[in-house]
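**Q** Provided below are the primary sequence and the corresponding predicted coordinates.
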Amino acid sequence: MALEEGAPITEENWATIRPHLTVRHFAKGETIIGEGETENYLSAVAKGCVRHYVLKDGNEINFDFAFEHELSNSYASFLSRSPSRISIEAIEAVTLISLHYDRLQMLYSESATGERIGRLTTEGYYIWREKREIQLLTLTPEELYLDLLSQYPEYISRIPQKYLASYLQVQPESLSRIKRRIHQNRKRT
């Protein structure tokens, strides 16, 4: 599970955490959190795929996707208890394993392990987020696509073209050209 990447969790510690977890299900196309809502859950994707996007001038701009075993939430909203600036939507049927904010605060106050897991998860998330932001600012659309292909080869086909194009900040026709060029280059090698 995503929580364990920063700090392996013993069975004894899982016994402490497990009763606080909630399983939530969302249908394809369902909004998990909308812009302006306060995020109440720290969630990991157990099944499915979600997209994170913002609205700009009436257009949806996708900036992240989360797949199985990855965290997915409006983290700034969750931590600050303020309205979310982002929206998260299920691209396909999604199951989330979630920890409510109040339950997390209770775990923090009752358990040094809970505090450690929270700290390490937060640190890991911010390291990942900074790397992601640098990629989005410095890589070309083709390089971003190749990075997605290398990291998520089994998942990339699950993302609709229009969302992927938005993520790469290109038009769908440009994404088709990028895919064609990559496919042709791979056939030559």
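**A** Nice, I can see it. Residues are numbered from 1 along each chain as shown.

**Q** most centrally placed residue in this protein?
**A** Centre of the chain computed as the mean C-alpha position; nearest residue by C-alpha atoms, centre = their mean is residue 66, 3.3 Å away.

**Q** could you show me where the strands are in the protein, in order?
**A** Using DSSP state E, the strands found in the chain span residues 21-26, 31-33, 41-47, 50-56, 59-66, 87-90, 94-100.

**Q** pLDDT weak spots in this structure?
**A** 1-10, 12-13, 189 (pLDDT under 70).

**Q** Mind doing that once more with 90?
**A** Counting by pLDDT under 90, the ranges of the chain that qualify are 1-20, 69, 106-126, 128-129, 132-133, 135-137, 148-157, 179-189.

**Q** residue ranges of the helices in it, please?
**A** 11-17, 75-80, 101-110, 112-138, 141-151, 161-168, 172-188 (DSSP state H).

**Q** Using JSON lines, lay out the ones you listed together with mean neighbour count and distance to residue 46.
**A** All C-beta atoms are positioned from the backbone trio N, CA, C, and that covers glycine. Output for the helices of the chain, formatted as JSON lines (neighbours: other C-beta atoms under 10 Å; distance: least, C-beta to C-beta, whole Å):
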{"stretch": "helix 11-17", "mean neighbour count": "13", "distance to residue 46": "15"}
{"stretch": "helix 75-80", "mean neighbour count": "16", "distance to residue 46": "18"}
{"stretch": "helix 101-110", "mean neighbour count": "14", "distance to residue 46": "17"}
{"stretch": "helix 112-138", "mean neighbour count": "14", "distance to residue 46": "16"}
{"stretch": "helix 141-151", "mean neighbour count": "15", "distance to residue 46": "19"}
{"stretch": "helix 161-168", "mean neighbour count": "19", "distance to residue 46": "21"}
{"stretch": "helix 172-188", "mean neighbour count": "12", "distance to residue 46": "29"}
